[in-house]
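[1] Structure for the following, please:
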Amino acid sequence: YKAVYGLGDAPRLWYLEVRRALEELGFKVSKFDETMMYLRRSGNGTYGGVTGQLCCCITVHVDDLGVTGEEPSLTWLQTELESRYGTLTVQQDSFLHVGYEYTQHQDMSCDSFLEHFTKTLEEAPLPSSNLLASLDQKGKTALKSINGCLAYGTGNRPDMAERVAVSQQNGGADPTVRDLKYANTQLREMRDHTGAHTLRYPRLDETRLSLTGVFDSSHKSVDSKYAQGAYIILLGEKNGAQSVGYDKCHVLEFSTKKSTRVAKSSFAAELLAGNRCAEVLYRLGQWLVEMEVAAESVRDLLDVRPHFPLQLVADAMDVFTTVQCPKPYVGTDQSVTLYVEALKEDLRGRITELAWVPTRWMLADAMTKNMNDELLGKLMATGSWRPDEWELYSQEDEYYRDVEARCSYLHCACLTTEAAPCWWHLPLIPDDEDLELTQDHSQPAIRFLRKPYGLADAPRVWPCLLYTSTSPRDQRGAPSPAGGCKKNK
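    Next comes the predicted model:
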């Protein structure tokens, strides 16, 4: 009977009323999300207008408003709203917002958890001891209800995103008792809010911000062409000596879902996930630009680039080498050509760089597989993700295990003055002494970087000329990349 009494329209009508009031006070609606609004203060101290210093932000969810900003601006806003709508209930330090609980600390960090929400959830009784028995209608309804609650609860539990996705996929046409038991298990796991199961937001230095998108994918089989893609977007405080990862960062957005397009290989699955991650990364980057730069329209924002770097991170070496190669893609799977070129275009304009990490440091790995992961647990508990610097340079194969092998590997036609832009990351050595390598006296010396220098001092492009018939790596039987850098090309 909601429609009869107008209750179906009540949330939208209330939003329109709050929006009208806030716009009269000088707030501007975000171009990316109409439930978020900004307030700026001009040089003479008056509120409102497009230009000026950002002093307040507000998000609207029916009658639940989340507000942040300078203390004088918050006091002024509360006074104005109470003059229109009466006394407001104000929560600070520890508060509940849209079902999520937040606790602010003295160091301005914040913890997010779901204890209040999960206390209201109950496990569904198993209708049969036979785990392979099909669920009746009552059991199907219970499974659907639990999966819906789990999906909402993953908003601050990236470590459970993949397991919840598996539970939702289990609730298909003919779910079984085992599927209901699995959903109950995940519900019990979501009720744990201790240690690594609480999402932490440390305070960041706004002068050293950086945005990173980490993506990964799992390809089930060639026959099924099924792939699960995932990404996680981090806003962190950049350390000049660290190329990938953060000591302190925030989780802005994450997602895991079945790929919406056919993936004939793991290479194609990774490309699909990478394109999706790049799109979200750029959108969030421009959203942050909107907060900083006043703009009348979306078109005004298109010409403004973030002053902080945007970085993509992958663990698929074939994707890394193919996308970084300046030559056109000439692989066997021509169906992915568009995705390869799209990522290349992003790297030429919108995205600052593409970095590679070993699989053991892939943050999104547990979001594509049904597993627990220490990296996500540490990220949630401490707000940090920092891959080991040495492993970022040293791939786990025979070509990089000792200095002699690296010397032999690097003595190739790519190490010339003209080919310098094509150098890949130079491997680090754990010694305190520098090592110089030369092919002959006419060639410039190649200096290994010492560990304290970090990744920022090394070139970032894979050497295309390594993949020729005369390359030491090809002579050792190493595979050619999936893209344009093929043998004898």
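
[2] just the CA coordinates of the helix or strand harbouring residue 96, formatted as PDB?
    Using DSSP states H and E, residue 96 sits in strand 94-97. What follows is strand 94-97, C-alpha atoms only, in PDB (Å, rounded to 0.1, in the frame of the first residue of the first chain):
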ATOM      1  CA  SER A  94      31.600   7.100  16.700                       C
ATOM      2  CA  PHE A  95      28.500   7.100  14.500                       C
ATOM      3  CA  LEU A  96      26.300   5.000  12.200                       C
ATOM      4  CA  HIS A  97      25.900   5.900   8.600                       C
END
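
[3] Tell me the buried residues in the helix or strand that it is followed by?
    Next helix or strand after strand 94-97 toward the C-terminus (DSSP H and E): strand 100-104. Across strand 100-104, burial judged by 16 or more other C-beta atoms under 10 Å covers 100-102. For glycine as for every other residue, the C-beta is placed from the backbone atoms N, C-alpha and C.

[4] Residue ranges in the stretch 101-250 of the chain under the pLDDT threshold?
    For the stretch 101-250 of the chain, applying pLDDT under 70 flags the ranges 195-196, 221-225, 241.

[5] Show residues contacting stretch 66-82.
    With C-beta atoms under 8 Å, 6 or more residues apart in numbering as the test, stretch 66-82 has contacts from 21, 25, 39, 41, 47, 55-59, 88, 90, 97-98.

[6] from the residues you listed, which ones fall inside helices?
    The helices, defined by DSSP state H, take in residue 21 from the contacts of stretch 66-82.

[7] got the contacts of stretch 66-82 as a markdown table, with pLDDT columns?
    Output for those, formatted as a markdown table (pLDDT from 0 to 100):
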| residue | pLDDT |
| --- | --- |
| 21 | 92 |
| 25 | 92 |
| 39 | 91 |
| 41 | 88 |
| 47 | 86 |
| 55 | 90 |
| 56 | 91 |
| 57 | 91 |
| 58 | 92 |
| 59 | 90 |
| 88 | 86 |
| 90 | 87 |
| 97 | 84 |
| 98 | 82 |
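
[8] Save the contacts of stretch 66-82 as TSV, and put in distance to residue 205 too.
    Shown next, in TSV, are the contacts of stretch 66-82 (distance: C-beta to C-beta, whole Å):
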residue	distance to residue 205
21	35
25	31
39	24
41	23
47	27
55	20
56	21
57	19
58	24
59	24
88	32
90	28
97	25
98	28
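
[9] Out of the contacts of stretch 66-82, give me the one that has the most neighbours.
    With neighbours defined as other C-beta atoms under 10 Å, the most crowded of those is residue 39; it has 25 neighbours.

[10] Residue 194 versus that one, what's the distance?
    With distances taken as C-beta to C-beta, to the nearest Å, residue 39 is found 38 Å from residue 194.

[11] for residue 122, same thing?
    For residue 122, the distance to residue 194 - C-beta to C-beta - is 21 Å.

[12] do the same with residue 273
    Applying C-beta to C-beta, the value for residue 273 to residue 194 is 31 Å.

[13] so residue 96 bridges to which residues?
    On the basis of DSSP bridges, residue 96 is bridged to residue 101.

[14] let me redo that: residue 110
    residue 104, residue 201.

[15] now it: how far from residue 124?
    Taking C-beta to C-beta, one finds residue 110 at 33 Å from residue 124.

[16] do residue 211 as well
    40 Å.

[17] go on, residue 286?
    Look at residue 286 and residue 124: by C-beta to C-beta, they are 43 Å apart.

[18] thinking again about what came up before, which of residue 122 and residue 194 has more neighbours?
    residue 122 (12 against 8).

[19] The stretch 101-250 of the chain: strands as residue ranges?
    All strands of the stretch 101-250 of the chain, identified by DSSP state E, counting those that start in this stretch, fall at 110-113, 199-201, 209-219, 227-237, 249-258.

[20] Please identify which of these is closest to residue 176.
    Of all those, strand 249-258 sits nearest to residue 176, with 20.4 Å by C-beta to C-beta.

[21] Just the pLDDT for residue 86.
    Note on residue 86: pLDDT of 89.

[22] Please apply the same query to residue 282.
    For residue 282, the pLDDT comes out at 91.

[23] what about it, how many neighbours?
    18.

[24] and if you look at residue 114?
    As a burial measure, residue 114 scores 23 neighbours (other C-beta under 10 Å).

[25] From residue 120, how far off is it?
    10 Å.

[26] same thing with residue 54?
    From residue 54 to residue 120 the distance is 37 Å (C-beta to C-beta).

[27] Tell me where the stretch 251-400 of the chain has helices.
    266-292, 298-302, 317-324, 337-348, 374-382, 389-393 (DSSP state H, counting those that start in this stretch).

[28] tell me the angle the first one makes with helix 337-348.
    An angle of 40 degrees separates the directions of helix 266-292 and helix 337-348 when computed by axes from the mean of the first three to the mean of the last three C-alpha atoms, to 10 degrees.

[29] Packing partners of helix 266-292?
    Judged by 3 or more C-beta pairs under 8 Å, 6 or more residues apart in numbering; DSSP states H and E, helix 266-292 is in contact with strand 53-61, strand 209-219, strand 227-237, strand 249-258, helix 298-302, strand 310-314, helix 317-324, helix 337-348.

[30] Would you mark the buried spots in the fourth one?
    Which is strand 249-258. Buried residues in strand 249-258, defined by neighbour count with 16+ other C-beta under 10 Å: 249-256.

[31] Just want the angle from that strand to strand 227-237.
    Relative orientation of strand 249-258 versus strand 227-237 (the same axes, to 10 degrees): 170 degrees.
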